[in-house]
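Engineer: this one's sequence-less:
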């Protein structure tokens with residue numbers, strides 16, 4: 001019992017958001033008469049919120065450094081417009097167009113990061129200007145028109161699924177096999193980490209709690225993959241999300257770069273005195289945010305199968321809300337990649353559940369605002385304790 005209390009107290013924010021996500025999911029599952037967690041709708045939730053999850057991961061790094069980026073929606077729209085020009089108008093090869101768009105996104109991030117990190121203009125002002133600039137450039141590039149359709153190769157990134165190797169009829173057996181493989185990889189990794197902790201006499205959770213955690217997550221993984229297998233299997237965009245989540249979690253938790261980013265947000269002056277290149281760290285997180293906004297813009301354009309001037313509207317607010325709901329502190333230094341993903345899923349389930357219930361967009365916005373306010377209040381009360 002003491003071990004459980006310690007585990008919860010050390011991860012209060014994370015557990016709070018997981019409990020909130022679980023509670024919201026159960027509530028809407030009941031209110032929608034079981035429609036929310038049908039295989040088709042689960043797949044839709046993933047695909048509809050993929051670009052918000054991508055933006056939330058990038059925004060989490062920005063907020064950890066104590067900054068903010070209001071331009072990500074406009075940058076996503078601008079990159080989608082550029083992709084439309086390349087692919088629809090000039091028929092550039094898909095792979096080359098994607099690489100160029102991601103590079104352009106990184107350059108835009110570098111442009112904004114330069115003003116914030118090296119000229120010391122507040123990020124709020126720089127990115128507010130960026131929001132206006134790139135929204136205007138989107139209109140200029142598209143001339144107020146919509147470009148469509150995109151090539152099938154480009155659309156498949158955000159709307160297609162892994163091919164099925166095994167013949168399981170309506171059940172996608174390959175997806176189930178992937179779930180089993182992921183379960184074993186997770187089990188072996190957790191056992192390896194626990195062995196290292198015990199060898200070095202680090203504090204570890206009790207064996208019953210360790211087994212319960214492993215069993216719970218393995219069940220979740222396999223139930224999730226089984227649900228996907230009942231429809232079309234694993235979408236390509238989910239693989240992209242998986243790689244980003246694992247990669248950024250590793251960077252933030254296991255590398256010097258990640259520790260330096262946390263240090264900048266925790267106490268910039270102390271970090272500078274400790275030898276951390278604080279300006280470089282801020283510059284890099286904005287470069288990263290630009291590339292992530294570009295990726296989100298490409299995925300959104302592919303799913304919409306069109307480049308439109310209205311794309312990316314309010315994406316920045318959804319990304320900021322997801323990061324804050326996921327445990328990020330606006331004062332910097334606090335937040336996790338997994339928390340950003342959980343926050344984005346909370347927003348996604350809220351949107352999807354309320355849409356299934358026929359709740360109007362006006363009430364949806366009001367309810368999302370209350371959820372955001374509640375998450376910030378929870379963070380403030382938790383830090384005051």
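Structural biologist: Thanks, I have the structure now. Being a predicted model, the structure only gives us computed values, none of them experimental.

Engineer: Could I get the buried residue list for stretch 186-205?
Structural biologist: For stretch 186-205, a neighbour-count test (16 or more other Cβ atoms under 10 Å) marks 194, 205 as buried. Bear in mind the C-beta positions are built from the backbone N, C-alpha and C, glycine included.

Engineer: cool, stretch 162-171 as well?
Structural biologist: 162, 164, 171.

Engineer: cool, and stretch 143-151?
Structural biologist: So for stretch 143-151, counting by 16+ other Cβ under 10 Å, buried means 147, 150.

Engineer: who's in contact with that stretch?
Structural biologist: Outside stretch 143-151, the residues that touch it by Cβ atoms under 8 Å, 6 or more residues apart in numbering are 81, 83-85, 87-89, 94, 155, 301-302, 305-309.

Engineer: still on that earlier bit, Throw the buried residues of stretch 162-171 into CSV and include pLDDT, thanks.
Structural biologist: Output for the buried residues of stretch 162-171, formatted as CSV (pLDDT from 0 to 100):
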residue, pLDDT
162, 91
164, 81
171, 87
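
Engineer: Which member of the residues you listed is positioned nearest residue 292?
Structural biologist: residue 162 (23.3 Å; Cβ to Cβ).

Engineer: re earlier: just among the contacts of stretch 143-151, which is most surrounded?
Structural biologist: residue 301 (32 neighbours; other Cβ atoms under 10 Å).

Engineer: list the contacts for that one?
Structural biologist: 79, 80, 83, 84, 150, 307, 311.

Engineer: Give me the mean pLDDT for the helix or strand that residue 219 is a member of.
Structural biologist: Element membership for residue 219, per DSSP states H and E: helix 207-229. Regarding helix 207-229, the rounded mean pLDDT is 92.

Engineer: Repeat that for stretch 246-261.
Structural biologist: The model assigns stretch 246-261 a mean pLDDT of 95.

Engineer: Residue 175 versus residue 219, what's the distance?
Structural biologist: 16 Å (Cβ to Cβ, to the nearest Å).

Engineer: Have a look at those two and say which one is more surrounded.
Structural biologist: Between residue 219 and residue 175, counted using other Cβ under 10 Å, the more crowded position is residue 175 (24 against 11).

Engineer: That one and residue 228 touch, don't they?
Structural biologist: Yes - the pair residue 175 and residue 228 passes the contact test of Cβ atoms under 8 Å, sitting 5.3 Å apart.

Engineer: shared neighbours of those two, anything?
Structural biologist: residue 234.

Engineer: Could I get the phi/psi values of residue 307?
Structural biologist: Dihedral pair for residue 307: phi -100, psi 120, per degrees, to the nearest 10.

Engineer: wait, what's in contact with the residue nearest the centre of the chain?
Structural biologist: Taking Cα atoms, centre = their mean, the centroid of the chain lies closest to residue 53, which sits 2.4 Å from it. Neighbouring residues of residue 53 by Cβ under 8 Å, 6+ apart: 241, 322, 340, 341, 344, 345.

Engineer: 6 Å - rerun?
Structural biologist: Taking Cβ atoms under 6 Å, 6 or more residues apart in numbering, we find residue 53 in contact with 241, 341, 344.

Engineer: In which helix or strand does the first one reside?
Structural biologist: Element membership of residue 241, judged by DSSP H and E, is helix 236-254.

Engineer: Report the distance from that helix to the chain centre.
Structural biologist: Offset of helix 236-254 from its chain centre (Cα atoms, centre = their mean, to the nearest Å): 9 Å.

Engineer: Mind pulling the model confidence for residue 15?
Structural biologist: 68.

Engineer: what do you get for residue 239?
Structural biologist: At residue 239, pLDDT is 96.

Engineer: Residue 97 too?
Structural biologist: Looking at residue 97, its pLDDT reads 96.

Engineer: Check which element follows the one helix or strand it maps to along the chain.
Structural biologist: Here residue 97 sits within helix 94-117, counting by DSSP H and E. Following helix 94-117 in sequence order, the next helix or strand is helix 123-142 (DSSP H and E).

Engineer: The helix or strand following that following helix - what's its average pLDDT?
Structural biologist: Remark: after helix 123-142, the chain's next helix or strand is helix 152-159, criterion DSSP H and E. Confidence over helix 152-159 (mean pLDDT, whole number) is 91.

Engineer: which helices and strands sit right next to helix 152-159?
Structural biologist: Helix 152-159 sits against helix 278-304, with contacts defined as 3 or more Cβ pairs under 6 Å, 6 or more residues apart in numbering; DSSP states H and E.
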